[in-house]
Structures are given as structure tokens and as C-alpha cells.
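> what follows is a predicted structure for the sequence shown.
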Number of protein chains: 4
Amino acid sequence: MDIQIGRGKTARRAYGIDEIALAPGNGTLDPSLADTQWRIGNIEREIPIIASAMDSVVDVRMAVLLSQLGALGVLNLEGIYTRYANPEPILDRIASVGKEEFVPLMQELYAEPIKAELIEQRIREIKQQGGIAAVSATPVGASKFGSVVAKAGADLFFIQATVVSTAHLSPESVTPLDLAKFCQEMPIPVILGNCVTYEVTLNLMKAGAAAVLVGIGPGAACTSRGVLGVGVPQATAIADCAAARDDYYQETGKYIPVIADGGLITGGDICKCIACGADGVMIGSPFARAAEAPGRGYHWGMATPSPVLPRGTRIRVSTTGTLEQILTGPAQLDDGTHNLLGALKTSMGTLGAKNIKEMQQVEVVIAPSLLTEGKVYQKAQQLGMGK
Amino acid sequence: MDIQIGRGKTARRAYGIDEIALAPGNGTLDPSLADTQWRIGNIEREIPIIASAMDSVVDVRMAVLLSQLGALGVLNLEGIYTRYANPEPILDRIASVGKEEFVPLMQELYAEPIKAELIEQRIREIKQQGGIAAVSATPVGASKFGSVVAKAGADLFFIQATVVSTAHLSPESVTPLDLAKFCQEMPIPVILGNCVTYEVTLNLMKAGAAAVLVGIGPGAACTSRGVLGVGVPQATAIADCAAARDDYYQETGKYIPVIADGGLITGGDICKCIACGADGVMIGSPFARAAEAPGRGYHWGMATPSPVLPRGTRIRVSTTGTLEQILTGPAQLDDGTHNLLGALKTSMGTLGAKNIKEMQQVEVVIAPSLLTEGKVYQKAQQLGMGK
Amino acid sequence: MDIQIGRGKTARRAYGIDEIALAPGNGTLDPSLADTQWRIGNIEREIPIIASAMDSVVDVRMAVLLSQLGALGVLNLEGIYTRYANPEPILDRIASVGKEEFVPLMQELYAEPIKAELIEQRIREIKQQGGIAAVSATPVGASKFGSVVAKAGADLFFIQATVVSTAHLSPESVTPLDLAKFCQEMPIPVILGNCVTYEVTLNLMKAGAAAVLVGIGPGAACTSRGVLGVGVPQATAIADCAAARDDYYQETGKYIPVIADGGLITGGDICKCIACGADGVMIGSPFARAAEAPGRGYHWGMATPSPVLPRGTRIRVSTTGTLEQILTGPAQLDDGTHNLLGALKTSMGTLGAKNIKEMQQVEVVIAPSLLTEGKVYQKAQQLGMGK
Amino acid sequence: MDIQIGRGKTARRAYGIDEIALAPGNGTLDPSLADTQWRIGNIEREIPIIASAMDSVVDVRMAVLLSQLGALGVLNLEGIYTRYANPEPILDRIASVGKEEFVPLMQELYAEPIKAELIEQRIREIKQQGGIAAVSATPVGASKFGSVVAKAGADLFFIQATVVSTAHLSPESVTPLDLAKFCQEMPIPVILGNCVTYEVTLNLMKAGAAAVLVGIGPGAACTSRGVLGVGVPQATAIADCAAARDDYYQETGKYIPVIADGGLITGGDICKCIACGADGVMIGSPFARAAEAPGRGYHWGMATPSPVLPRGTRIRVSTTGTLEQILTGPAQLDDGTHNLLGALKTSMGTLGAKNIKEMQQVEVVIAPSLLTEGKVYQKAQQLGMGK
């Protein structure tokens, strides 16, 4: 499989979601018969879609609404909701500044420290309204606030870094988070990510991950590939990590779901991730378009506020409908961004897949989307390049 | 042929019409000697081009005109022509609403039920004016209205679903259409589609299809790939399904034509489909540009009115000439969208192909069109992105 | 080398000029030492560049100027110069009509018949001013006017069709041109084209061609690929036809040059064609930009005036300098469209090629140009898509 | 590895920086632990980034500032700084002319001869302010001014031509520069370039190069590929030349760094070059955006002033921050063009590379960037094509 880039270097061709399509098989299925149920940690959900831990996507209200609709939303514990008791004026400011003022504003807003009591408060707010309290922190944040999160009664804890590994080297003055120890000590399931390789997925599962997030570089509000050169196209990353999940299951009998995270825009994108082997997906920008989204029509990456190397950018997304329209329909747009669950069920019906497990087995073809005019047009319009 | 996407998944590279071109051989031919005749069911036609069963493309008048010119048009039995006795004001409304109002309007218009008497009336109108009455329904519609269609004296019956299979699983409360039984019981030829694989093509032919429609996802007004992730590039789909036709013919002596459907814009696209193995093509948007087209300069997909998951979009197509100019010339545009028959005959002459059978054997080269500036420009202009 | 498009069809990957680049070797050369001389028929030229037989590019004056500068221009014998004694007002009209009126105007202008006396007159005008009289006709035109051309004292006769072959099938009422007989009977060298394959090149050489034109579909003002689906990317076509030339030379001792024709814009494009094996190039649009060009800032394809299937389009090209600046410099533009000879000599120096024969042997790499931003930008600007 | 372009020609697929991405391995690293130190000639630097010898990028002040920040800037000895005692009004003129006047103006400005005393003065100015005096000339300039440069006390001497070779053929009247002799006689390290192949890299190292510059054709202000057809995509060129360095080191024990030069815009681009095997990079346009850059928001190639064949173009680059922000941060932009050192260290941390040597070994994947919408958008905006 190795291709020679030059005398001193070989590389593997990796494939992105835009480069593949799903091919029907011999049978079809009424969409009503497609079962999309899945389980993450000890929680069962009807919809294998998680809203990203991004301030423009998930606040307390969104987390509750997503839970009620059968999905899940993750609250970022290191963003503005745990720095400011009242985030509304903060969100107004973010939405009002010009393109050039955005990075400095975010750097200023993040100068305010994270408060343990606000972490507890947000988790309690979600629980009190009947929501599933899924929260997220970086490894450093997890070290600091893990016990607060556990005490406050959260249901799921996501630890996310651009790239997470069980072999992190820190300066001598710093004790890095021992992921295995953390997973063992936390009373709630811990989801780890992001990674893109078979080996790291296996390592994270052995460390005790309740699920593994897959995806580095592909997100719309993520600029890791431009800034760091780092990124693995999602179709390949998912297939590799799903293979690790299957091997781990063979060995241990434990089935640890793999969640595709980043760069997904349409229902078709979600279907393709599952067809590559994912059990669920984590999406940001599609939900940032919901009327209920806290971003006020904007969406930004969580790496943005870094004081020295901001990554992730703020993009304008228009509000196109309610969360319900986006997640479970009925759709009022025909471009694949409304009724994501309906799209998944219809795709499964079209492909003859009765459940997520069968959907992971459907045939994939390599079919570069840039070569079809419709896709170019669609993307161009999404990007504001068309008329 | 399998390419590894990742450890857990292999895929095949599939090719689209835009990625191939036709290469001349050793001989050439005067275009007047190129014989384009073909046969579908028991009907012989001079032109292997069928107008799609889309409301913006084929009404009674277009079906008659297309028949007179040597081609064929298919009337959609589940669109507005069988819901409304007078479709003209309905078409006016569709053409007048803004982009955002389109999907809700279509959902509203489709709330009106289909009327059996209008089905009969439309078929009779076509026959009375000397046209070939080719009509189309979904499998569900075929169950309901099959006998009405037969009684009214239609000539050809198309059953079309996004993906059709002979192994459809329905909820227990529903009896799915048995395609084989239906074909056997209908007194007229039944054309089935769409499909994209060798196996399903064989199954549909065994079920009694008089022709098979090939193409999932490629149409200009179709958003299946974006919404569902489903789609197989046309060059590959046609070649696979044509191989099934040839094998079926070897086994049974019955020659069942394969019709490429979706995403074709120019004469060159039509030529390329036949060169990949198609016997004929079904096209929508090129005819939506005719002065006689009912769409009033608009074109929209038939999946659009779905109340929960609209797919297919309305696109603005300008009216560029008469149906005759578009189909048989003389052309007044030099971009391949006028005189489609002339283009086919000239291409056959250029390639030395005396008939459709020889045209199916001409040499194809893989030559991605995005890499040539002319094509980028042409597409960009069609898409309204140029100046 | 064959790639499976689908079960019923294999294809070969063909490469365009935009997909390759030239790689330096171990040595370099002062550009002044690069020898670009070549021979076509019995004529020796300093510059291996021929101006296309297009009305917007070559009139009598341009043919003379090109001869004086060391190159060659071919006069189209079936365009307006042989239909109208005074072409100036005709050219004015062509330059003044709108986009929609262009095709009908050309169809009207071509209703005027070609006049033998104007053919003679144009050839004499070129000769009297000291130019090389190279003229061009279609096979049909060659049948009719061959003897007139010979009598008038032309130096080179080009017979060009979209696709030429020695095995052309005509209606019984028509006697097709026998190319071998024609070449034998003409007292002047006859150049034949266009073709794209090894076999046809060999056949044309055996028929007596003094040179063979290579290229179908790639030209900026050519829409054969869109209209007919026909076209072979130039790098592959040239390499194949050059192989036929080399084999023919091995067998017969006769060296018949191969001329790349179509789609070339910059000096770099010319260099790449020679590196693929061409002996010379024929270019249109770069010369249409000359102040002396008859097109008045427009450029159009010669297939345009077809009454039933116009192909080839009129494009706006700005006038950027004198013919001398474009051909031999000094350049006032830095985008590769000025000083084409200087570009060729500098490229040969950079690559260490002392003459055309060595330039045909330099290393080529496959390096898709769309993947470099500079090229996208450059093309976008040429196409009027940038700001 | 060879691909057949046509019967007469094979080629190798070469890869560009935009076509690859870096894949994380099993370990990660705190960015503070990433050691970016390298050595060129006898000079050790913290940052493996060199500012290009271009008039819009490096003047005396920039050379000093870059030295102070831990990097390096090279002063062009054949541009305006050694032709004009006071370059400020010259730079003002260059920034003020229109697009069409640029090439003629540059040709006029270069009519003024280079002055030996200005060469000495510029070198002394840099040294007096504590900077590292790295200067650059063409082979012809090196012949003429080598001794002046040595006498003035420069630290590093770069000899750069579009393509440099140790086997250059000159007209008899000219004695070409003997690179080996020159390197031996110069009392300071001599860096040679540009080249793109294993063989030439080896030859240059044997000739005594203290470092080798790799890159032909990829630069933003370079039009070699358009004008000459010449260019090798950078990922392949770097990997090939790095292999020569490693083999030379094996044989001789001398480690001669390889520097990637041209076409690099973001931190990610720099990371990818090192991952392909480069020891350092030379960049132009990113520094042309610095407030301190002499180009006044413009950037132009050094091949531009050629009187007969200008290459390289002037492009508008906006001023986005201070040199410090661009080189070492903190960043105020999130697109990868600020804090290039931070990006490199963070990338190394993400990939688990402790130093440049380990960074050269990280895993590369082939992942065409045009296929991701974010990259298209980002590039489109950089190019001024978006909204």
C-alpha cells in the first residue's frame, strides 16, 4: 500500500469523507425498519449523533434539548460557560466583533479563570432539567476538575485534546494526566480522543476509554492542518480505528464504540462515517445552525483562544431551522442539513442495513466528489463563493 | 481492484462521466451513416434519448412532441399533473416562489391526493395526439394505479425508486410490491430502476423488466449523495449493469436495454454513457431548458416533496431554444446542449461507430475533466460562478 | 496499464499538459546555446511554433509577419478570407455582436460560398510579401480546391478535420478524399491531422504526410469534448504519436515531424509538448492576443459555423502586445504568454537540452497543476474568475 | 514507480506539499520540549527558518531583526539594495505602480548597475547592528563579487539560480563559475541551489556546499512552471534531496543540511517540509506580510527584472502583524501564518518528535487538500477569490 513520495520517504494514501460514496447492495429496507440505536458508556440512545463540546453549539439548554430528542450534547468545561456566570452578554460580544477582532477578543475572554463552582452549577442545571450531563475537558482540565465533575453528578466525561496519547511527554515540573489511572478512578464513563490510528485506539481502549473519538484536522472550524500540517482524512482514520475496536472486542469481549468527530456537514457525511466503521458521530457546525444554538449564527473552534498559537477559526453559519428540524425533521431544506436522523434511516433503507452494525458493512466506493459539478456547486454555495 | 481505505475497509474506485473521454480509433464515418435506432419494450425509436419523468420536463404536450421527434418522454404519475386538473397555475406558483419557500410549497402542493381519473385522462390526452404514452410511478404508486394505467392504454410503464431492488423489506403491515408478479401481470412493458450494480440488474431482468434504468445520485436536481451519502459514479455503474445485460442475453437470448439516467447535460455526456455500455439515456435538465418545457425555466427533483426528508432541489435553468433545437437541431448554442442527436451522430462518425452496438465498444480513456481549464470554465459558467 | 471502469469496460489513464511538469537533470546550458531549429516538409524554421489556421489568428499579414520572425502561420482556406474579398468589415461585425448573436452570425456569414479566385489571391498576397504560404482545408475542401492551391504556388498544405483517418466511410453518393492519392499528387508537402493515436499516425505517415498534427479536444476555443465526448489529453496523445514517428523512422529512414495542436497557452505548455515528444506546436489563442491579430481581441473555433452542430466557441482574449513580443520578446508580461521562443530556449537551458531532439528526452513528472495554488489563481485570472 | 504517459514516455508521480499531511504516532510531547535547533555552515540557530533573498522580504533591518529572533535573513546582492544607495524611494515606486507598469519599471530599475561599494556597505551595516550577514548572488554575480563579499566580512554566501548544476555549458566567450573551486576559495560557507534531484544534491555537496537549497517552481511569486514548464512538487523534491544528504553523510561523515525553498505559506507547510526530510526552510511571502518588510505590502520574484523573459510576478500581500508575531508569536491570526515557530513546536509535540531529526521521521499520508472544503476556502480567500 505504500507509495514512494521520494527516495527518502514513503506514504500511504488516505481517504476523506468527500472522496467516498455508498453503493447499494441487493436488498432495500423500509426506513421505518432501520434501527439506529446505540450505546455509549452505560447510556442508550436512539440517535448516534453527539453535539460537539463547542461553546457555539452546546450550552445547558442545548444539552437538555438534545437529550430529549434522543441524542446527546457535550458541554465544554473550559469555555465561557464555566468562566462567566452569565454567558449571554459574552456570546453577544463574540457575535458582534469583526473578523480581525475575534482572536484578540477570545484571548481576552479566556484570561478569566475557570471556576469549579460554575462547573458544578452547569452540570446540575442539565440534570435538573432531565438532560444527560455529558461534559468535556482537556487532559489538563481533567486533572484539575475531574473530582468536581464526578461530585456534581455528571453522566459522561469526555477528555479531548487535538491529539491524545497514552505516551505523553511533559516537562519535569509537570505531572501529565495518567489516562488509565483517571479512567479507573472516575465513577463515570470516560470517553477519550482524538486519535486517528489503530495503535492509539487500542491503547486508549486498554486505558479504559468508554468510547474513542476519531478525527484530527477535518473540522470546518479547525485549522490544525494549515497551522500544524497535521491531519488524517476521516474515512481512513475511522476504518483504522474501527479495526482496533473489532480486534479489542475479539480479545476482551468489550465493545467500545468509535465516534467520528469533525468535518461532518450533511446527513450523507454521517452515513458515510458509519459505513466506514463508526458507531456514532460528533458534529458541530450542523447544530450551530439551529435557532436554539448559543452561537447566534457563528461557530468557532475551541483551540481558538490559545494565547500564543490560536487555531480554529470563527465562521458565519446561518440559522436555518430549529434543532428538531435539523436532528429529526421534518426538513425544510433539501441539502442534507435538516432531518439528520431521517437521512440516516433513509440511507440505511436504501442500502438494506437493518442496524448500525449492518450499516458498518455496506459497500463503499471511491468517488471523488470534486469531480461532480453538483458537489462543487453545493460546496461553493456553502462557502459563499457562488452567486 | 480493491483499494484499502483503512484497516477495516476496502473500496473500489468508481468513475464518473466527467472523468472519462472517448478516443478515436482507426476509422471514421460520415455522421449521416451513423444509425442511432434502438428498441425499448416493443417500441422502436430513432433517438435513444428519453425525457425524465419530472414535472418540470414532461407534461402531455412534451410527451407528444418528443414522440413526434423520434424520442420519448415519460409522464410522472405522482406529480402535479395527476393531482391537479389544471396544472398551469400550479406551475406558475412553483416558478414564482423564492428559494426558501420552495420546499414548503412543494410539501403543501403534494398534500393534494393523486386522482385515478386524472391518470387516465393524461394517458388518453397523449394517445389522442398521437404520442407514445410512457408513464412512471414509484413502487407504491404502481401497486395502487397499475390497473388504471393498463386500462387507460399506456404504452410503457416505468417503476422508479431512488434504489429499486427485488428484495425489499417492508413493515409487517405493508405488502411490498412484488416486481416479478407486477411485470408478469401488466399487459404492457415495465421498465424498472434505478439500480447501479450487476447483481440487481440481473435480478430486475429476471423479474421481467423490459429495460433497466441505471443511475443513483448523479442528477443535477438530485441530492441523494449529499443527503444519504449514496451514489455510484455513472461510468462505472453503466459498465457494470451493461455487463449484466450482456450476460443475461447470453443466457436467455433476451436483449434488455440499459438506460443511463441522471446527471447528463451535454451531447458529449450522452455519447460517453453509450460508450460505457448504455443503450439509451434518460435526461432531465437539458429538456427543462426547452421553450416548451412546463418548468418555466426551473427544474426540480421528484424527491423534493417528501414531507419529512425532501431531497432534490430546484435549480434555475434558462430557456435556450425550442425542443427541436435541443433534440435534433439546428443548434444555436455551441456548448453541447443543442442538437443532441446531431452530437451523437457526429461523435459516432468521429469514432467510426456505425450503430449503438459499435458505439458501446469504442475506446474510453480516463481523463479527469477538472484538470482542463476549458471544462472548469464551462462548468463554472453553467453554475453561474464565472463572470 | 488498463484500469477497470466497470465489469464491461476497461480504460487507460491519459494525461494532459496541465498534469505534468519538467524535471531538471544533471546539467544546465546557457539559453543562447539552445538550438530550436526544425524542418517541416522542405522548409527549415528557427522557431518550432505554427500559428493555427483560424480566422482570428492568421490573415495574410500575420502569415507574412510570422514567416519573417522565423515561425509559420497557416491560412484557413474555408473561413472568411476566401469568402469575402474584403474581410475587414466582416471581422468588425464578428467582434461587435453579443454572445447570443455570435453563432447565428457565423452561420449567416458562412452561407457565402468559398471562391477559388480568393484562394489564389490570398496565396499570392503572402508570397508577394515574402511570406511562406501555408494554407489549410478540410478533406472536402482539399478535394475541391487542391489544384487551385497547387497552381497558386502555396508552400505547404494542411488538411485538417476534427479527426482524420485513412479509413473514412462516406455515403455512396460521395467519393471521400483518398489521402494517400492526394499526398502523392500534390506537388507540395501535405500535413495531415488531427489524430491522437499511434496507429493513425503510422497510417497518415504511410499515406505520405509531411507532418502529422496531434490533438483532439484540448483547444480553448474547441468544445469537442463537451459536444461529442471525444478528446484525448495532450501529453498522452503526443507521446503515443511520437512513438509512431520514431518507429516509422526506424523502418523507413524518413523523419516525419509530429506537431502538437490545441490547448496551449504559455511557453511552459509548449516546452511540455516537446518534452512529450513533439517536434513543433501549433497554437491559436496566444497569437489571437497579438496587436496584429485579425480577431480584434476575440478568438473563435473553426468548427463554429456548422449550420447544424456548431462547436467551438468565441472567447474574449485581450490584446497584450505585439506579435514580436509574444513570439520572440522582449516580454512585458511575466505569465508565460510573451516571448515564447525565449521561454523555450530558457527551459532548454534549465533542462540541459541542446536541441529539440534532446528536449524530447528530458524527464517528465506527473504533478497535477490544480493542486498548486499559484496555478489555480493564474488559470482563474485567465478565465476571468478572480478579482 | 514509473507510469506510462504514452508509448514513448514514462513519468514518475511527484507529490506537492498540498497533497500530504502528517499523521500522529503513538506518543505526544509537550511543545516546550520540542528542540528546533539546527546548524547551517558554522552557525547555530534556534529556528530553522530563513527569509528569502528577495527585495520585498529582506533589507538590512530585516536581516538584523531575523538574526535577533533566532532565525536568519538573506540579503539579495543583485537587487535594488546594491544598485541604489537609498532604496526607500525605489521601494515606494515599486509599491505605487499599476499591474501593467510593474514589469517595465523593474526592467528600468535594473538598468542601474550593481555597485561593489554598496555590497560592502550593506554587509557592514548588518554586522554593525549585530546581525548575521547572509547574502545571495547568482553564479554570474558570485564570479564578479565573491571577493568583495569575503572582504566585507559576510558570514554566509548563498549562490542561487533557478536551477543550479555543476555541469553548466556556457558560450565559448564566457567562463562559467566553477562551483567547486569557488566553494574552496571562499573563506565563508557557501550554500548552493536550487536543485530538486538526488544526483545534483550529491554533486553540490561534493562541490563543497555548506547547505543545499531545494525547490524549483513552487513559489508564490515564481512563474517558472508557467513560463518554462519546469518544476518538481516539493514533497518529492525534498525527499529525494534528503536521501542524497543521508547517503553523503554515510559516506563522508559530513552532514550538509537541505533547505526547502519556495511555495511555503503556513506553519503547516513548514512542518510538512521537515517531515519530508528538510533540515530547514526558506520562505518569502510569509515575511513579506510583516510590518517591518521592505515590500510595503507587495512581494515580487527576483527573476522579474529579466529584460527579455521576466518571470516571477508581483503579488499583493497584506501586512498582518510584526515580524515577531509572524515568527515567534503570540499569533493574532488563526490561519497558520503567525507564530511559525510555535506552530512547528506544537506540531512536533502533536507528533511526538523531540527534535528536527525525529520530525524528519514522522509518518506522512497522501491526502489531497483540494478535496477538503476548508482548504479550498482558505486558499480561495488567500487568493482573493472568496467573498
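Happy to help now that I have it. Numbering: from 1, shown residues only, chains lettered A, B, ... in the order given.
> residues near whatever residue of chain A ends up closest to chain D, how many?
The nearest approach of chain A to chain D comes at A:Gly6, 2.4 Å away (CB to the nearest CB). (C-beta placed from N, C-alpha, C; glycine too.) Counted with other CB atoms under 10 Å in any protein chain shown, the burial measure for A:Gly6 works out to 27 neighbours.
> do A:His168 as well
When neighbours are counted by other CB under 10 Å, A:His168 registers 19.
> how near is the closest residue to the residue of chain A closest to chain D other than its chain neighbours to D:Ile40?
The shortest distance from A:Gly6 to any non-neighbouring residue, by CB to CB, 6 or more residues apart in numbering or on different chains, is to D:Ala239 (2.4 Å). According to CB to CB, to the nearest Å, D:Ala239 and D:Ile40 sit 20 Å apart.
> look at those two and report which has more neighbours.
D:Ala239 (28 against 23).
> pull the contacting residues for that one.
Taking CB atoms under 8 Å, 6 or more residues apart in numbering or on different chains, we find D:Ala239 in contact with A:Ile5, A:Gly6, A:Arg7, A:Gly8, A:Lys9, D:Cys276, D:Gly277.
> which SS state does it fall under?
helix (DSSP: H, G, I helix; E, B strand; the rest coil).
> how many other residues sit next to the closest residue to A:Arg83 other than its chain neighbours?
Take A:Arg83 and drop its neighbours on the chain: the residue closest to it by CB to CB, 6+ apart is A:Glu112, 4.4 Å away. If you count neighbours by other CB under 10 Å, A:Glu112 ends up with 12.
> any idea how far A:Glu112 lies from A:Gly295?
According to CB to CB, A:Glu112 and A:Gly295 sit 19 Å apart.
> before we move on, what about A:Arg245?
Per CB to CB, A:Arg245 is found 32 Å from A:Gly295.
> so between those two, which is more surrounded?
In terms of neighbours (other CB under 10 Å), A:Gly295 is the more surrounded of A:Arg245 and A:Gly295; the figures are 28 against 25.
> need the nearest residue in space to the more buried one, chain neighbours excluded.
If the residues on either side of it in the chain are set aside, A:Gly295 comes closest to A:Ser56, at 3.0 Å by CB to CB, 6+ apart.
> and if you look at A:Gly16?
When the adjacent residues along the chain are set aside, A:Gly16 lies closest to A:Pro233, with 3.6 Å between them (CB to CB, 6+ apart).
> again with A:Lys9
Excluding its sequence neighbours, the residue lying closest to A:Lys9 (CB to CB, 6+ apart) is D:Ala239, at 4.0 Å.
> for the stretch 1-150 of chain A, what lies in contact range of chain D?
For the stretch 1-150 of chain A, the residues in contact with chain D under the definition CB under 8 Å from any CB of the partner chain are A:3-9, A:11-14, A:16, A:18-19, A:103-104, A:107.
> among the residues you listed, which lie within helices?
Secondary-structure check on these using DSSP state H: residues within helices are A:Val103, A:Pro104, A:Gln107.
> which PyMOL command selects the buried ones in the residues you listed?
To isolate the buried subset of those in PyMOL, counting by 16 or more other CB atoms under 10 Å in any protein chain shown, use the following:
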select buried, chain A and resi 103+107
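> and the ones in helices among the residues of the stretch 1-150 of chain A next to chain D, which is closest to chain B?
Within those, the smallest distance to chain B is 30.4 Å, found for A:Val103 (CB to the nearest CB).
> what is the burial count for the closest residue to that closest one other than its chain neighbours?
Leaving out its chain neighbours, the residue that sits closest to A:Val103 by CB to CB, 6+ apart is A:Pro310, at 5.0 Å. When neighbours are counted by other CB under 10 Å, A:Pro310 registers 28.
> quick test: name the residue nearest the centre of chain A.
Residue closest to the average C-alpha location in chain A (CA atoms, centre = their mean): A:Met282, at 2.9 Å.
> residue contacts, it?
Applying CB under 8 Å, 6+ apart to A:Met282 gives the contacts A:Ile49, A:Ile50, A:Ala51, A:Ser52, A:Val74, A:Leu213, A:Gly215, A:Ile259, A:Ala260, A:Asp261, A:Gly262.
> looking at the residues you listed, which are in strands?
Among the contacts of A:Met282, the members found in strands (DSSP state E) are A:Ile49, A:Ile50, A:Ala51, A:Val74, A:Leu213, A:Ile259, A:Ala260, A:Asp261.
> just checking, the fifth one touches A:Val190?
No: the criterion here is CB atoms under 8 Å, and A:Leu213 misses it with A:Val190 at 11.5 Å.
> of those two, which one has the most company?
Each of A:Leu213 and A:Val190 had its neighbours counted (other CB under 10 Å), and the higher figure belongs to A:Leu213 (29 against 23).
> confidence score at the more buried one?
We note a pLDDT of 98 for A:Leu213 in this prediction.
> which residues touch it?
Neighbour list for A:Leu213: A:Phe158, A:Gln160, A:Ile191, A:Leu192, A:Gly193, A:Asn194, A:Cys195, A:Ile259, A:Asp261, A:Met282 [criterion: CB under 8 Å, 6+ apart].
> measure the first one to A:Leu77 for me?
Summarising the geometry, the distance separating A:Phe158 from A:Leu77, computed by CB to CB, is 9 Å.
> joint contacts of the two?
Common neighbours of A:Phe158 and A:Leu77, counting by CB under 8 Å, 6+ apart, are A:Val135, A:Ser136, A:Ala137.
> low-confidence stretches in chain A?
Counting by pLDDT under 70, the ranges of chain A that qualify are A:1, A:218-223, A:304-305, A:312, A:369-387.
> for it, which residue gets nearest to chain B?
For chain A, the residue positioned closest to chain B under CB to the nearest CB is A:Ala239, at a distance of 2.4 Å.
> quick one: the residue nearest to A:Gly295 from chain C, how far?
Shown here: A:Ser56 relative to chain C, a distance of 29 Å by CB to the nearest CB, to the nearest Å.
> give the helix, strand or coil label for that residue.
On the three-state scheme (three-state DSSP), A:Ser56 is labelled coil.
> how many neighbours does it have?
When neighbours are defined as other CB under 10 Å, A:Ser56 has 29 of them.
> then A:Asp30?
Other residues near A:Asp30 come to 15 when the count uses other CB under 10 Å.
> show me what contacts the residue nearest to it when sequence neighbours are not counted?
For A:Asp30, the nearest residue in space outside its immediate sequence neighbours is B:Ser170; the separation is 4.9 Å by CB to CB, 6+ apart. Contacts for B:Ser170 were tallied using CB under 8 Å, 6+ apart; they are A:Asp30, A:Leu33, B:Pro176.
> now, which of the residues you listed lie within strands?
Where those are compared with strands, as defined by DSSP E, there is no overlap at all.
> return the closest of those residues with respect to C:Ile326.
For these, the minimum distance to C:Ile326 (CB to CB) is 66.0 Å, reached by A:Asp30.
> and the gap between that closest one and B:Val140?
Noted for A:Asp30: a distance of 10 Å to B:Val140, by CB to CB.
> what do those two both touch?
Taking CB under 8 Å, 6+ apart as the contact definition, A:Asp30 and B:Val140 share no neighbouring residue.
> number of residues surrounding the closest residue to A:Leu341 other than its chain neighbours?
The shortest distance from A:Leu341 to any non-neighbouring residue, by CB to CB, 6+ apart, is to A:Thr328 (4.8 Å). Counted with other CB under 10 Å, the burial measure for A:Thr328 works out to 20 neighbours.
> phi, psi of A:Thr328?
In this entry, A:Thr328 is assigned phi and psi values of phi -130, psi 0 (degrees, to the nearest 10).
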